[in-house]
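K.L.:
sequence and computational prediction follow.
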2 protein chains.
Amino acid sequence: MAPQLDGFFKQVDTDADHFIERLRKAVAIPSISAEPERRPDVVKMGEWMANELKSLGASVELRDLGEQPGKPGLHLPPCVLARYGNDKNKRTILVYGHYDVQPADKSDGWATEPFDLTVDDKGRMFGRGSTDDKGPILGWLNAIEAHQKAGIDFPVNLLMCFEGMEEYGSEGLDDLIVAEAKKYFADADAVCISDNYWLGTEKPCLTYGLRGCNYYSIEVSGPGADLHSGVFGGTAQEPMTDLTRLLGSLVDTDGKIQIPGIAEQVAPVTKEEESLYDNISFTMDNIHESLGSKTTIFEDKKSTLMGRWRYPSLSIHGIEGAFSAPGAKTVIPAKVIGKFSIRTVPNMEIEKTNEAVYKYVNDQFAKLKSKNTMKVYEQHSGKWWVASPKHWNFSAASKAVERVWGVEPDFTREGGSIPVTLTFEQATGKNVLLLPMGSSTDGAHSINEKLDKRNYIEGIKLLGAYLHYVAEEPQQ
Amino acid sequence: MAPQLDGFFKQVDTDADHFIERLRKAVAIPSISAEPERRPDVVKMGEWMANELKSLGASVELRDLGEQPGKPGLHLPPCVLARYGNDKNKRTILVYGHYDVQPADKSDGWATEPFDLTVDDKGRMFGRGSTDDKGPILGWLNAIEAHQKAGIDFPVNLLMCFEGMEEYGSEGLDDLIVAEAKKYFADADAVCISDNYWLGTEKPCLTYGLRGCNYYSIEVSGPGADLHSGVFGGTAQEPMTDLTRLLGSLVDTDGKIQIPGIAEQVAPVTKEEESLYDNISFTMDNIHESLGSKTTIFEDKKSTLMGRWRYPSLSIHGIEGAFSAPGAKTVIPAKVIGKFSIRTVPNMEIEKTNEAVYKYVNDQFAKLKSKNTMKVYEQHSGKWWVASPKHWNFSAASKAVERVWGVEPDFTREGGSIPVTLTFEQATGKNVLLLPMGSSTDGAHSINEKLDKRNYIEGIKLLGAYLHYVAEEPQQ
């Protein structure tokens, strides 16, 4: 029997402005985990979340994760663990999200103050963290509140795990998840994470696969200190010369990785897989719009989706230690660190990929015959993940999407990584579902990050409806 | 007949402490031209110079240079123009220097207070501006005073031009030099600038050449905003991929510029020139020490000096718009600007060099077959300068060095640029000599800038002796 959801939905609509105000308060706290000087704001945000949860009747713990590795004296923000409901006759769903955000400064090019939620006449709610991931985590709180106000029994026990370091490598979280898998999280029947995005702007999706990510540094050093290019240009071997040559050898304009031993590890495409792509709601116009340009590698939908989901990619992110400001400076940087990463897919192995990268970069450097010193090393890595989309966790979510949005969701994979997905799956042994709230145009890590009001409000309904369907799905 | 200089030299020795006190007073005024909030101190320093000159009997004008371009409401510090002596039977020498200094703050790592001249037991006088350029410009004043006290006739008419914006692009100066070339500077017979350094620490040099500098940007853009490499890696053509390939194609590890049309413009080495290098007081140990490493392109002195002075070099300075902080960020930068410069030498032409650079970079980009947009353009340029070291201006200075230091000076060029040198030469049509006071270890733009007491006191003698030899050199 389909769950009775009209009362809940109506309550969400009634409280829409209240829920937007809650998001405004959350966005106003600049909880940037990558900037040590902002750490007090990250902690403040964690405490704010805990207080909101307590006021809704949840039991809450702020878990201390200790000092940040490599940063003596800098404490990690707490992990917020919470439980709402403890009824043995109900299923228990563990949800995860994060309350920290990417860096943002008006001067980066934001049209509005990044920490002042600004709603325009199209219902776009601009603000850092609006879609990544404050909107989605508040979605769970809002769903609880709407049930309380409408007097509707909450259909499941909800376990919540909200961390404050997601945008900086989820420091300390894996250990906590592993430690709590058979304790705090022991009765979880399934896991749901809302921290990704629709493939486009009109049709919701459920996500069952993610690429992994191996992140590398190439460090080239020579002189003892930065040099004046007038005095030393033409006499010293310059680290930047070597580094740009190395970075320029990694990948070509069409994204073809030049490192032997990568493509060889990729699982071949099956006929069944190939047929899946045709029905997915996605057009080249979608990617051109989200790119803001037509500078795609491929001209067709299937190649583009495969390029994003099921093939590895290599991106060069930048250089540390060189001149990076506007204007002109005639410096020869003494030590420069190039950063790049490889998105990994089944059946690539982290170690095998590292070996291939190290060998290639070392070989390329040897060809330069440079007197400078070069080191290539992994900064961090996370494995790819693929789940079974036929599990009741997914069928419940699929029915909830149909109920709220009136369409069947696309079953998609993602090009990005949410390493915690794999950690939850491995630690709990339960099915993990990715249930996105925002759309492809939200610009999670960019300037002018936004969440559409429609996605937020209907998203609250979707999270609540999902829990009702979860309660009714037969065991498989 | 060699000039009688003993009385002058003795007076300089007698007044050594007094001259150091004068330098102490000058260093105490933090005349940092790059910091608008310090502008009153720069003006104060200009007025202090004017008063010192007046008390020595010079006629002085403080020339208003108007507002600083691009900084409405911020006035440029005055240019101090002064004349000492107006005897038609004497030669007139125009000297240039600057009374502003680089930024300095104790917290940058200074061992002493940067604006408190501190003399250690090795006679090193630490303080911002001690060697660049307050010591040298006070050298002229001290030479005048010693002549007066010793009752010795001053051998030339001295025209002085001391500016207050040298460390910030000499704003406003070029126009003044051109305007006054046939007015205030009309009777100058030669120009002498003391604003560079010995090649080493033991042997004085006279400098007759400087490299020029063409500074370029390569801008590659594609997407409308920065992208997440998980979501877009493998589907978008990435500007950083293209830019690193372009930057990596410019120059090799051994400094060989890969751009056709550059080497072709370089004047061939003559036998006469080649023989000059052997006698120059410079060793590979010197460059290894100043580099702080052994990562030189060449293993021998001659190639190293030629690499610094008489061949062009290309340095890659950095990338604007990419990720440049420590740590890991999985961004695909939307627009990146690579910065590089070419140090230019005779007979390279600015425009011809630009054309060669533009053609090469455009050709390399075309090979990438990228959909991204690329622009290459010049940020600024300044021409190289080479004077005739056989002019009487140089032979007078050479004799003065021999007299004061007991050695023949090295005739050197410099790898860097002092753009005002060329402006004086072109505007006045007269020979320009660079006559350094400080040594290679003075650290002009670094923390712990210093001038050795010996270089200061013997330097005052050198400037005075130079004027005496100038008075006696036959016209060529």
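P.N.:
Looks like it came in fine. Just so it is clear, the structure is predicted and the values come from calculations on it, not from any experiment.
K.L.:
which element is the closest residue to chain B within the stretch 101-250 of chain A on?
P.N.:
Closest to chain B within the stretch 101-250 of chain A is residue A:224: 1.9 Å, counting by Cβ to the nearest Cβ. Backbone N, C-alpha and C define where each C-beta goes, glycine included. Here residue A:224, judged by DSSP states H and E, is contained in no helix and no strand.
K.L.:
that one contacts residue B:290, correct?
P.N.:
No: if you go by Cβ atoms under 8 Å, residue A:224 and residue B:290 don't touch, sitting 9.0 Å apart.
K.L.:
between these two, who's got more neighbours?
P.N.:
Neighbour tally, residue A:224 and residue B:290, criterion other Cβ atoms under 10 Å in any protein chain shown: the higher count belongs to residue B:290, 19 against 15.
K.L.:
the more buried one and residue B:419, how far apart?
P.N.:
Per Cβ to Cβ, to the nearest Å, residue B:290 is found 23 Å from residue B:419.
K.L.:
over to residue A:272?
P.N.:
Look at residue A:272 and residue B:419: by Cβ to Cβ, they are 69 Å apart.
K.L.:
neighbour count winner among these two?
P.N.:
residue B:419 (19 against 7).
K.L.:
quick one, what contacts the more buried one?
P.N.:
B:170, B:382 (Cβ atoms under 8 Å, 6 or more residues apart in numbering or on different chains).
K.L.:
and it, its phi and psi?
P.N.:
Backbone torsions for residue B:419, taken as degrees, to the nearest 10, come to phi -60, psi -30.
K.L.:
let me know the pLDDT of the residue positioned nearest the centre of chain A.
P.N.:
With distances taken as Cα atoms, centre = their mean, the residue of chain A nearest its centroid is residue A:418 (5.1 Å). pLDDT, residue A:418: 85.
K.L.:
that one reaches residue A:196, doesn't it?
P.N.:
Yes: Residue A:418 is within contact range of residue A:196, at 6.6 Å (criterion: Cβ under 8 Å).
K.L.:
tell me where the stretch 251-400 of chain A has helices.
P.N.:
Remark: helices of the stretch 251-400 of chain A, listed N- to C-terminal, are A:271-276, A:284-291, A:301-309, A:350-368, A:392-405; assignment by DSSP state H, counting those that start in this stretch.
K.L.:
please convert the ones you listed to TSV, extending it with distance to chain B and mean pLDDT.
P.N.:
Listed next are the helices of the stretch 251-400 of chain A as TSV, based on distance: least, Cβ to the nearest Cβ, whole Å; pLDDT from 0 to 100:
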stretch	distance to chain B	mean pLDDT
helix A:271-276	16	82
helix A:284-291	5	90
helix A:301-309	4	95
helix A:350-368	5	98
helix A:392-405	21	97
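K.L.:
what is the burial count for residue A:94?
P.N.:
Around residue A:94 there are 26 residues (other Cβ under 10 Å).
K.L.:
scratch that, residue A:426
P.N.:
15.
K.L.:
who in the stretch 351-476 of chain A is up against chain B?
P.N.:
A:368-372, A:379-380, A:414-417, A:443-448 (Cβ under 8 Å from any Cβ of the partner chain).
K.L.:
pull out the buried residues from the residues you listed.
P.N.:
A:368, A:370-372, A:414-417, A:443-448 (16 or more other Cβ atoms under 10 Å in any protein chain shown).
K.L.:
what about those, which are in helices?
P.N.:
residue A:368 (DSSP state H).
K.L.:
out of the buried ones among the residues of the stretch 351-476 of chain A next to chain B, who's nearest residue A:215?
P.N.:
residue A:417 (9.8 Å; Cβ to Cβ).
K.L.:
what helix or strand is the closest residue in space to the closest one that isn't next to it in sequence located in?
P.N.:
Spatial nearest neighbour of residue A:417, chain neighbours left out: residue A:213 (4.3 Å); criterion: Cβ to Cβ, 6 or more residues apart in numbering or on different chains. Residue A:213 belongs to strand A:212-221 when elements are defined using DSSP H and E.
K.L.:
which outside residues touch whatever helix or strand comes next after that strand?
P.N.:
Going down the chain from strand A:212-221, the next helix or strand is strand A:227-228, by DSSP H and E. Strand A:227-228 has contacts (Cβ under 8 Å, 6+ apart) with A:236, A:330-332, A:334, B:291, B:416, B:445.
K.L.:
in strands, which of these fall?
P.N.:
Members of the contacts of strand A:227-228 lying in strands (criterion: DSSP state E): A:331-332.
K.L.:
are any of the contacts of strand A:227-228 buried, and if so which?
P.N.:
A:236, A:330-332, A:334, B:291, B:416.
K.L.:
make a markdown table out of those residues and add distance to residue A:60.
P.N.:
Listed next are these as a markdown table, based on distance: Cβ to Cβ, whole Å:
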| residue | distance to residue A:60 |
| --- | --- |
| A:236 | 58 |
| A:330 | 56 |
| A:331 | 51 |
| A:332 | 54 |
| A:334 | 49 |
| B:291 | 58 |
| B:416 | 63 |
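K.L.:
by mean pLDDT, which helix or strand of chain A comes out lowest?
P.N.:
Across the helices and strands of chain A, mean confidence by mean pLDDT, DSSP states H and E is lowest for helix A:271-276: a mean of 82.
K.L.:
just the residues contacting that one, thanks.
P.N.:
A:302, A:310, A:411.
K.L.:
repeat that for stretch A:58-70.
P.N.:
Stretch A:58-70 has contacts (Cβ under 8 Å, 6+ apart) with A:46-47, A:50, A:53-54, A:73-84, A:144, A:158, A:160, A:165, A:171-173, A:176, A:184.
K.L.:
from the opening residue of it to its closing one, how far?
P.N.:
Taking Cα to Cα, to the nearest Å, stretch A:58-70 runs 34 Å from one end to the other.
K.L.:
list the buried ones in it?
P.N.:
A:58, A:60, A:63, A:65, A:68.
K.L.:
same question for stretch A:6-15.
P.N.:
In stretch A:6-15, counting by 16+ other Cβ under 10 Å, buried: A:8-9, A:11-12, A:15.
K.L.:
and if you look at stretch A:145-154?
P.N.:
A:145-147, A:150, A:152, A:154.
K.L.:
pull that stretch out as PDB, backbone CA atoms only.
P.N.:
C-alpha atoms of stretch A:145-154 as PDB (Å, rounded to 0.1, in the frame of the first residue of the first chain):
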ATOM      1  CA  GLU A 145      10.200  18.900  11.800                       C
ATOM      2  CA  ALA A 146       7.400  18.600   9.100                       C
ATOM      3  CA  HIS A 147       6.400  15.200  10.500                       C
ATOM      4  CA  GLN A 148       6.200  16.600  14.000                       C
ATOM      5  CA  LYS A 149       4.200  19.600  13.000                       C
ATOM      6  CA  ALA A 150       1.800  17.500  10.800                       C
ATOM      7  CA  GLY A 151       1.500  15.000  13.600                       C
ATOM      8  CA  ILE A 152       2.600  12.100  11.300                       C
ATOM      9  CA  ASP A 153       4.600   9.200  12.800                       C
ATOM     10  CA  PHE A 154       8.200   9.100  11.600                       C
END
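K.L.:
residues near residue A:360, how many?
P.N.:
There are 20 residues near residue A:360, going by other Cβ under 10 Å.
K.L.:
I'd guessed it sits against residue A:262; true?
P.N.:
No: using Cβ under 8 Å, residue A:360 makes no contact with residue A:262, being 9.1 Å away.
K.L.:
domain parsing of chain A, as residue ranges.
P.N.:
With domains defined by the TED database, chain A comprises A:5-210+A:384-472, A:212-266+A:311-382.
K.L.:
near chain B, which residues of the stretch 101-250 of chain A are found?
P.N.:
Going by Cβ under 8 Å from any Cβ, the residues of the stretch 101-250 of chain A near chain B are A:168-169, A:197, A:211, A:213, A:215, A:222-225, A:227-238, A:240-242, A:244-249.
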